[in-house]
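Engineer: Generate a structure from the sequence data that follows.
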Amino acid sequence: MRLTRDQLEIAPAELARRLEEGDPLQVLDVRAPERLAAGVVSPVPPDRFINVRGSELVSMSEPAEVGLAPDEEVVVVCGRGNDSLRVAAWLTVAGYEARSLAGGIAAWMHLSVPRYLPPPPGFDSLVQFDRPGKGALGYLLVSGDEALAVDVSLYPGPWLEEAERAGARITAVADTHVHADYISGGPDLAASLEVPWYLHPADMVYPYDGTPGILPFTALEDGQDLAVGAGTVRVIHTPGHTEGSMTFVAGAGAALTGDFLFVESVGRPDLAGRAEEWSRDLWASTHAALTEWDERWLVLPAHYAGESERCADRTVGRELGRLRESNAALRMAADREKFLYWVNTHTAPAPEAYPRIKAINVGLVEVGRAEADLLEAGKNECAIA
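Structural biologist: This is a model prediction of the structure:
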């Protein structure tokens, strides 16, 4: 019996759920090895991940030659889900239970998985949107019938769906900073909903040469309060990763730190060629967090580097008090020179795509979805390693 496309495909959300639940899936990536830098499906144990070109595989007499177990389900992956569909059909004829990742790695990179955190005082819900392909995180804060969307991806559907599920409407959109590793969906979402898009004015500029950005936004400043229903979000200016980086503290309990403070590190200060100046700003922001912030605040970053940063429920975040000892940057923040030395000796070369993404995110460049997918490929590299 010939299977239909629907029967041969698995949606990215279903694959993510099954991997998280520990289903014994084999992932067969049929792209050329050099294409893996554009991102891979994760988390997959190394012994269950196989990479072989599709053309090589179908020329073999037996798929087991590449290490495929015949009694375990196979998920086939390619760039956009076309080659993988043909390979999955071929494996099915060969007696394997095989499915193709719908949309390929391009769709995997845009997947946002909602995860639910305890809401801070004044809020009814706090949703963390996890993009496993990029290691990126966004948020939705809901209070009553109002919601604030933070660090929205280019595909904002999950934010809209969660707001609707909560019986709320998104009344404002915000970015913690102008991102370098992905194209923000914040400006377009705000425009479509006719609500404010919040940003610190220091970030509405192309930092590589000082060209002003042209996107309309509502400026935020240090110490300002944003009302969301009955809840309050305090804005703290935390420069260093960018000049306008902000932390949003919701209900004096949850700190959405953007790319300033991560679970295991801090944001790199070198993405605009001003590493020396921004490293000093980064130290000042980190020192202030160490000495002035409430250790009970739950630090919720905009990125994570790997599975080690997850909690048992797969959310990403830690109380600041716990991070004082486990986060390398916070451990050194009491000593300025030690901190600056660590920053300067642990910063890797920046990805080539980041300057163009920055230009897009301040409105100086327009790109189509195909180029956007190429620019956003791969995990984020926004933290000091």
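
Engineer: number of nearby residues for Val249?
Structural biologist: Each residue near Val249 was counted by other Cβ atoms under 10 Å, and the total is 21. (C-beta placed from N, C-alpha, C; glycine too.)

Engineer: For it, list the residues it contacts.
Structural biologist: Val233, Arg234, Val235, Ile236, Ala255, Leu256, Trp297 (Cβ atoms under 8 Å, 6 or more residues apart in numbering).

Engineer: so what does the helix or strand bottoming out on mean pLDDT in the chain touch, helix or strand wise?
Structural biologist: Least confident helix or strand, the chain: helix 5-8 with a mean of 83, by mean pLDDT, DSSP states H and E. Where contact means 3 or more Cβ pairs under 8 Å, 6 or more residues apart in numbering; DSSP states H and E, helix 5-8 is packed against helix 83-93, strand 98-101.

Engineer: Deepest-packed of these, please.
Structural biologist: Most buried of these, by mean neighbour count (mean count of other Cβ atoms under 10 Å): strand 98-101, with a mean of 26.

Engineer: how distant is it from the center of its chain?
Structural biologist: 25 Å (Cα atoms, centre = their mean, to the nearest Å).

Engineer: Pull up the pairing partners for that strand, direction included.
Structural biologist: Using DSSP bridges, strand 98-101 pairs in its sheet with strand 9-10 (parallel), strand 74-77 (parallel).

Engineer: Helices along the chain, start to end?
Structural biologist: For the chain, the helices defined by DSSP state H cover 5-8, 12-20, 54-58, 83-93, 104-110, 157-165, 186-193, 275-292, 320-326, 328-332, 336-345, 354-361, 369-375.

Engineer: sorry, back to before: as TSV, the helices and strands packed on helix 5-8 with distance to Arg318 and mean pLDDT would be great.
Structural biologist: Shown next, in TSV, are the helices and strands packed on helix 5-8 (distance: least, Cβ to Cβ, whole Å; pLDDT from 0 to 100):
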stretch	distance to Arg318	mean pLDDT
helix 83-93	37	94
strand 98-101	32	97
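
Engineer: Same question for stretch 120-136: list its buried residues.
Structural biologist: 120, 122-136 (16 or more other Cβ atoms under 10 Å).

Engineer: buried sites along the least confident helix or strand of the chain?
Structural biologist: Buried residues in helix 5-8, counted by 16+ other Cβ under 10 Å: Leu8.

Engineer: now do stretch 340-351
Structural biologist: Across stretch 340-351, burial judged by 16+ other Cβ under 10 Å covers Leu340, Trp342, Val343, Thr347, Ala350, Pro351.

Engineer: Report the rounded mean pLDDT for it.
Structural biologist: Summarised as a single mean, pLDDT over stretch 340-351 is 91.

Engineer: CA atoms only for it, dumped as PDB, please.
Structural biologist: Provided in PDB are the C-alpha atoms of stretch 340-351 (Å, rounded to 0.1, in the frame of the first residue of the first chain):
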ATOM      1  CA  LEU A 340      37.100  41.900  31.800                       C
ATOM      2  CA  TYR A 341      40.000  39.500  31.300                       C
ATOM      3  CA  TRP A 342      37.600  36.600  31.300                       C
ATOM      4  CA  VAL A 343      35.400  38.300  28.700                       C
ATOM      5  CA  ASN A 344      38.300  39.100  26.400                       C
ATOM      6  CA  THR A 345      39.700  35.600  26.500                       C
ATOM      7  CA  HIS A 346      36.400  33.700  26.100                       C
ATOM      8  CA  THR A 347      34.800  35.500  23.200                       C
ATOM      9  CA  ALA A 348      34.700  33.500  19.900                       C
ATOM     10  CA  PRO A 349      34.600  35.000  16.400                       C
ATOM     11  CA  ALA A 350      31.100  36.400  15.600                       C
ATOM     12  CA  PRO A 351      29.000  34.700  12.900                       C
END
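
Engineer: give the contact list for Tyr139.
Structural biologist: Residues near Tyr139 by Cβ under 8 Å, 6+ apart: Leu126, Val127, Gln128, Phe129, Ala149, Val150, Asp151, Leu256, Leu300.

Engineer: So which of these sit within strands?
Structural biologist: Judged by DSSP state E, the contacts of Tyr139 include Leu126, Val127, Gln128, Phe129, Ala149, Val150, Leu256, Leu300 as members of strands.

Engineer: The third one contacts Cys311, correct?
Structural biologist: I take that to be Gln128. No. Gln128 is beyond contact range of Cys311, at 10.4 Å (criterion: Cβ atoms under 8 Å).

Engineer: Which residue ranges of the stretch 151-300 of the chain form strands?
Structural biologist: For the stretch 151-300 of the chain, the strands defined by DSSP state E, counting those that start in this stretch cover 169-174, 197-199, 205-206, 211-212, 218-219, 225-228, 231-237, 246-250, 254-258, 298-301.

Engineer: What are the buried residues along the second one?
Structural biologist: It stands for strand 197-199. Trp197, Tyr198, Leu199.

Engineer: Give the pairing partners of that strand; include direction for each.
Structural biologist: Next to strand 197-199 in the sheet, as set by DSSP bridges, lie strand 169-174 (parallel), strand 218-219 (parallel).
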